[in-house]
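Engineer: coords please:
(2 chains)
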Amino acid sequence: MKLEHRFKVPTSVADTWAALNDLERIAPCFPGASLTSVEGDDFAGSVKVRLGPISLLYNGTGQFVERDESVHCAVIEAKGKDKRGNGTASATVRTQLTPDGEQTAVEVATDLSITGKPAQFGRGVIQDVSDKLLGQFAACLEQNLGATPEPAAEPEASASESTPTEPTPTETPSADRTASQPKATPSDTGGGELNLLTTVGPALAKRYAVPAIGVLLLLLLLRKLLRH
Amino acid sequence: MIPAAFDYQAPSTVEEALHLLDSSEDAKVLAGGQSLMPVLRMRLAAPDTLVDLSGIAELRGVRDAGDAIVVGAMTPHEAVMSDPLIAEHATLLAKATAKVADPQTRRRGTFGGSLAHADPASDLPTCALALGAEFEIAGSGGRRTVQAADFFEDYFTTAIGEDEILTEVRVPKHTGWGAHYEKFVRTAQQWSIVAVAATVKLSGGTIAEAGVALTNMGSTPVRSTSVEQALIGVAPVDEAVRDAVAGIAEGTHPPTDINGDDNYRRHLATVLARRAVLAAAS
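Structural biologist: A predicted model of the protein is given here:
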């Protein structure tokens, strides 16, 4: 599934590029994400997604597969596996910066692929939820890149040591309507508190319940038959 | 198909339940379990504690509260369907509840559970919205009331906080109003592809007041206030109602999935709205 987000930040292309390449600075922007290690172009971490009663925790790795400063284009590939075996998620994120006067236009194109149970939620929920999550990410970047990062006053014992202070509330980000939702403000994501959009799940579950219960009944029936 | 291990608690008062929620790291409230248990069995969630509300007597039942009726959150669907107060003052709820899932689910599943779960394809949130219900939410800091318009926030997300419980729902009396819930599905007991809840009050042969809301036309149920306005003064005949509901899908963001795309749903909403309003007025 392909998702696109665009926004502008009031900094030069060079500054924006530097910030975007600082994973420890941008990772906290992704709702529910935490970074466990960064080595050169490779990184590892986890993303927790909550949707109503459903909670998924993807552990995985990623890397910069392309990082071309001359055209200000970076491509990140990341993939992860749910902790409880509920499938995998992988994403290719292409970020393109373009100068726009004093500002920089940022284009984020994501190709997301989700397998396993969550993929079967159907009903367009996954797409909508993913879009919102990335919208929050983009809105957070927009705020974060616009503000000068300051050293966190009381660094938390979270994975990212250089967690920027909470983005100063500049004007409402235009990138996405979710940015204004109280439960999903970008600043919520900075503290390692996984306040992700509670999103997609239960529909699934109900959906699954039927085949699941069917299989269960069948097994019970077989057992009974075999016993007689 | 076997859930991860969890602690089970069955408090007998709301205060006790709130205390349990407060003191546990990752607790979930269990109402009728018709959505939560499948999620646990699929291991899509693994809370450390389940707080079962079924032993709290004050959360069950329907009572008359003057200009409103109050439905306890743990009232099972089956009781809502057959309750005389609901039949008289909020007939929309009775009619829509009769279309929820199947008899077994209606016996176990609860009114409040369905609302708190907030699946955008489920039927009762839409009706609560069309009827202008108010939700009472209890937390350790006391109780508060949230309007239906503010209650549903997103997919499966409501104004209920992690350590809070939905205790009851106040439904303003709609005595003498006609009602209909038009649910469109491909197969029996499917989730609504789209559904429309309509309740209308007739006066002198025309519609005097109306409540109209949509199921599965966005990440939350959607109330159509513009259509409610447009219906006022309209005679309940095919042509006039068709015109009044023509714009019902405007501003909605319906999902695209295997059952149909967003444009299909927008069209469906106008067709179902006409049927729902005509049935409610007849």
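
Engineer: For A:E4, which residues are in contact?
Structural biologist: Taking C-beta atoms under 8 Å, 6 or more residues apart in numbering or on different chains, we find A:E4 in contact with A:E107, A:V108, A:A109, A:T110. Where you see a C-beta, it was placed from the backbone N, CA and C, and this is true even at glycine.

Engineer: Buried subset of the residues you listed as a ChimeraX selection?
Structural biologist: Here the buried members of these are turned into a ChimeraX selection, burial being counted by 16 or more other C-beta atoms under 10 Å in any protein chain shown:
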select /A:108,109,110
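
Engineer: Please flag which of the contacts of A:E4 sit within strands.
Structural biologist: With strands identified by DSSP state E, the entries of those that belong to them are A:E107, A:V108, A:A109, A:T110.

Engineer: Determine which two of the residues you listed are furthest apart.
Structural biologist: Pairwise distances among the ones in strands among the contacts of A:E4 were taken by C-beta to C-beta; the largest, 10.7 Å, belongs to A:E107 and A:T110.

Engineer: Mutual contacts of those two, please.
Structural biologist: Residues touching both A:E107 and A:T110 (C-beta under 8 Å, 6+ apart) are A:E4, A:H5.

Engineer: three-state assignment of the nearest residue to A:G60 once chain neighbours are set aside?
Structural biologist: Nearest in space to A:G60, with sequence neighbours left out and distances taken as C-beta to C-beta, 6 or more residues apart in numbering or on different chains, is A:G80 at 2.5 Å. Under DSSP: H, G, I helix; E, B strand; the rest coil, A:G80 falls in the strand class.

Engineer: gap between whichever residue of the stretch 101-250 of chain B sits closest to chain A and B:D119?
Structural biologist: Among all residues of the stretch 101-250 of chain B, B:F156 sits closest to chain A, at 2.8 Å; criterion: C-beta to the nearest C-beta. If you measure B:F156 against B:D119 using C-beta to C-beta, to the nearest Å, the figure is 6 Å.

Engineer: Just the buried residues of the top strand by length along chain A, please?
Structural biologist: The longest strand of chain A (DSSP E) is strand A:54-68. Of all the residues in strand A:54-68, those buried under the rule 16+ other C-beta under 10 Å are A:I54, A:S55, A:L56, A:L57, A:Y58, A:G60, A:G62, A:Q63, A:R67.

Engineer: so what does that strand touch, helix or strand wise?
Structural biologist: Using 3 or more C-beta pairs under 8 Å, 6 or more residues apart in numbering or on different chains; DSSP states H and E, the elements in contact with strand A:54-68 are strand A:42-51, strand A:73-82, strand A:88-100, helix A:202-227.

Engineer: Start from the N-terminal end of chain B and give the strands.
Structural biologist: B:7-9, B:27-30, B:49-52, B:62-64, B:68-72, B:134-139, B:142-147, B:152-154, B:157-158, B:165-172, B:178-184, B:194-203, B:206-215, B:222-223.

Engineer: quick check: mean pLDDT across the first one?
Structural biologist: This points to strand B:7-9. What strand B:7-9 shows for mean pLDDT is 97.

Engineer: again with the fourth one
Structural biologist: Mean per-residue pLDDT for strand B:62-64: 98.

Engineer: quick revisit: and the buried residues of strand A:54-68, which is closest to B:A46?
Structural biologist: A:S55 (7.7 Å).

Engineer: Does that closest one touch A:V49 like I think?
Structural biologist: Yes: the pair A:S55 / A:V49 is scored as a contact, 7.2 Å apart, by C-beta atoms under 8 Å.

Engineer: Report the contact partners of B:T105.
Structural biologist: The contact partners of B:T105, taken as C-beta under 8 Å, 6+ apart, are B:Q34, B:H77.

Engineer: And the contacts of stretch A:109-127?
Structural biologist: Under the criterion C-beta under 8 Å, 6+ apart, residues A:1-5, A:54, A:56, A:82, A:85-94, A:96, A:130, A:134, A:199-201, A:203-204, A:207-208, B:42, B:44, B:121, B:155, B:191, B:216, B:255-259 lie in contact with stretch A:109-127.

Engineer: make it 7 Å
Structural biologist: A:1-4, A:56, A:82, A:86-94, A:130, A:134, A:200-201, A:203-204, A:208, B:42, B:44, B:121, B:155, B:255-258 (C-beta atoms under 7 Å, 6 or more residues apart in numbering or on different chains).

Engineer: Now, of these, which are buried?
Structural biologist: A:3, A:56, A:82, A:86-94, A:130, A:134, A:200-201, A:203-204, A:208, B:42, B:44, B:121, B:155, B:255, B:257.

Engineer: Can you tell me how far B:L129 is from B:T270?
Structural biologist: Here the criterion is C-beta to C-beta. By it, B:L129 lies 19 Å from B:T270.

Engineer: scratch that, A:K8
Structural biologist: Relative to B:T270, and taking C-beta to C-beta, A:K8 is found at 38 Å.
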